[in-house]
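Participant: this is a predicted model, with the sequence first.
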Amino acid sequence: MKCKRCGKKAIANLRAYGIALCEECYPEFYIRLVKRSIKRHGILKESERILAAVSGGKDSSAMAAVLKELGYDIELLYIDLGIGEYSKESERVVKDLSKNLDVKLNIVRLKDYGFTVDEVARGMRRKTCSACGTAKRYIMNRFGRESGFEVVATGHTAEDIVSFYIKNVAGGAKVWAEKLMPRNEPFDEKIVARAKPLFEMSEKENMLYVLVENIPYTLMECPHAPKPEWKEIVYEIERRKPGFVKNFLRGLVRPAEEFDETRYCKICGEVASGEICAFCKLRMRFEGLR
Ligand code: SF4
Ligand code: ZN
């Protein structure tokens, strides 16, 4: 397999785009995709101070690196959740990341608020992740606001959003639209805006970027993580239908206003999505054939 750009040996076949790329051409391609996505969906503003929440995993490391590469004003936030060896390894990695990118790292420790996620896990087991999520959101917002950041960026990926949506719809739950949005503006002065700069990028794309660019990350996983069943279903659909994740996502975030205005067919006057309704177009085509 050869690179479509330069003809060297390709490292990846990106089936969602129908293109294979080499080690040298890939980063440029990736950065351009993220840049386009940020612009198209208004995810970040050029002048704002961004707090990039990092966990040591490939996705948030990729996010921090690409934002720095694109010239945004960023600092890193690492939340020490107090999860045994996992937290220690993650902290080591984000310190490396901070040096590697030459970006300031801020560390907030959950135990300074009186508890750790390991203690939550011992006490309430099944609700660990939901409690952990509450703690992370609280700290990201409070630290972000008190330190004068205008937006907190997280490393959510296309698969995170699609699997979250499918899981909730399948479970009969109402899906909170704001969780699916690439950017959420604050609804109160105590709230800091939230952004997902990688919401259109897949995990594989992020992984390739950190590998090719030697960006520090860890493969270690949180011991409290549940089995990623819905993610596995999403991976399987993507395997059989390349492009599924990105298409699904585009459908989810397409602005509602695109559908708001009702239009009428110029020919027959029935409701139409364009100037002429689908039925009249069809009729014209077959009338012409006669
Ligand atoms: Fe927190 Fe659950 Fe993620 Fe572990 S897997 S860091 S407990 S949300
Ligand atoms: Zn190439």
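Facilitator: Looks like it arrived, so ask away. Ligands and ions are numbered 1, 2, ... in the order given.
Participant: contacts and neighbour counts: CA atoms only from here.
Facilitator: Will do.
Participant: contacts for stretch 78-97?
Facilitator: For stretch 78-97, the surrounding residues in contact (CA atoms under 8 Å, 6 or more residues apart in numbering) are 53-57, 61, 105-111, 116-118, 132, 136, 139, 215-218, 220-223.
Participant: how far does it sit from the chain's center?
Facilitator: How far stretch 78-97 lies from its chain's middle: 21 Å, per CA atoms, centre = their mean, to the nearest Å.
Participant: quick one, strands of the stretch 1-150 of the chain?
Facilitator: Remark: strands assigned in the stretch 1-150 of the chain by DSSP state E, counting those that start in this stretch are 12-14, 19-21, 49-53, 73-80, 105-109.
Participant: ignore the last one, the stretch 151-290 of the chain
Facilitator: Under DSSP E, counting those that start in this stretch, the stretch 151-290 of the chain gives strands at 151-153, 183-184, 193-195, 263-264, 271-272.
Participant: direction included, what does the fourth one pair up with?
Facilitator: Right, strand 263-264. strand 271-272 (antiparallel) (DSSP bridges).
Participant: average model confidence for the partner strand?
Facilitator: If you average the pLDDT over strand 271-272, you get 90.
Participant: any idea how far it is from the chain center?
Facilitator: What separates the centre of strand 271-272 from the centre of its chain is 35 Å, taken as CA atoms, centre = their mean.
Participant: likewise for stretch 111-119?
Facilitator: Between the centre of stretch 111-119 and the centre of its host chain there is 27 Å, according to CA atoms, centre = their mean.
Participant: can I get it as PDB, trimmed to CA atoms?
Facilitator: What follows is stretch 111-119, C-alpha atoms only, in PDB (Å, rounded to 0.1, in the frame of the first residue of the first chain):
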ATOM      1  CA  LYS A 111      -8.300  14.200  47.700                       C
ATOM      2  CA  ASP A 112      -7.900  17.900  48.600                       C
ATOM      3  CA  TYR A 113     -11.700  18.000  48.400                       C
ATOM      4  CA  GLY A 114     -11.900  15.200  51.000                       C
ATOM      5  CA  PHE A 115     -12.200  11.900  49.000                       C
ATOM      6  CA  THR A 116     -10.900   9.800  46.100                       C
ATOM      7  CA  VAL A 117     -12.500   7.800  43.300                       C
ATOM      8  CA  ASP A 118     -11.100   4.600  44.900                       C
ATOM      9  CA  GLU A 119     -13.000   5.400  48.100                       C
END
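Participant: residues contacting that stretch, please?
Facilitator: For stretch 111-119, the surrounding residues in contact (CA under 8 Å, 6+ apart) are Leu81, Gly82, Ile83, Gly84, Leu110, Thr128, Ala131, Cys132.
Participant: so how far is ligand 1 from the third one?
Facilitator: Applying CA to the nearest ligand atom, to the nearest Å, one obtains 8 Å for the distance of Ile83 from ligand 1.
Participant: quick check on that residue: phi, psi?
Facilitator: The phi/psi pair for Ile83 (degrees, to the nearest 10) reads phi -110, psi 70.
Participant: need the buried ones from the contacts of stretch 78-97 selected in PyMOL.
Facilitator: To isolate the buried members of those in PyMOL, using 16 or more other CA atoms under 10 Å:
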select buried, resi 53+54+55+56+57+61+105+106+110+116+117+118+132+136+139+215+216+217+218
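Participant: from the contacts of stretch 78-97, which are also near ligand 1?
Facilitator: Residues of the contacts of stretch 78-97 in contact with ligand 1 (CA under 6 Å from any ligand atom): Cys132, Cys222.
Participant: just name the most buried of the strands of the stretch 151-290 of the chain.
Facilitator: Among the strands of the stretch 151-290 of the chain, strand 151-153 has the highest mean neighbour count (mean count of other CA atoms under 10 Å), at a mean of 28.
Participant: and the contacts of that one?
Facilitator: 48-53, 140-141, 144, 192-197.
Participant: may I ask which of these has the most neighbours?
Facilitator: Counting neighbours by other CA atoms under 10 Å, Ala52 leads the contacts of strand 151-153 with 31 neighbours.
Participant: can you tell me which residues contact that residue?
Facilitator: Taking CA under 8 Å, 6+ apart, we find Ala52 in contact with Ser60, Met63, Ala64, Ile74, Glu75, Leu76, Leu77, Val152, Ala153, Thr154.
Participant: alongside ligand 2, which residues does the stretch 1-150 of the chain contribute?
Facilitator: Cys3, Arg5, Cys6, Cys22, Cys25 (CA under 5 Å from the ion).
Participant: how many residues are close by the first one?
Facilitator: This means Cys3. When neighbours are defined as other CA under 10 Å, Cys3 has 20 of them.
Participant: perfect, I'm done here.
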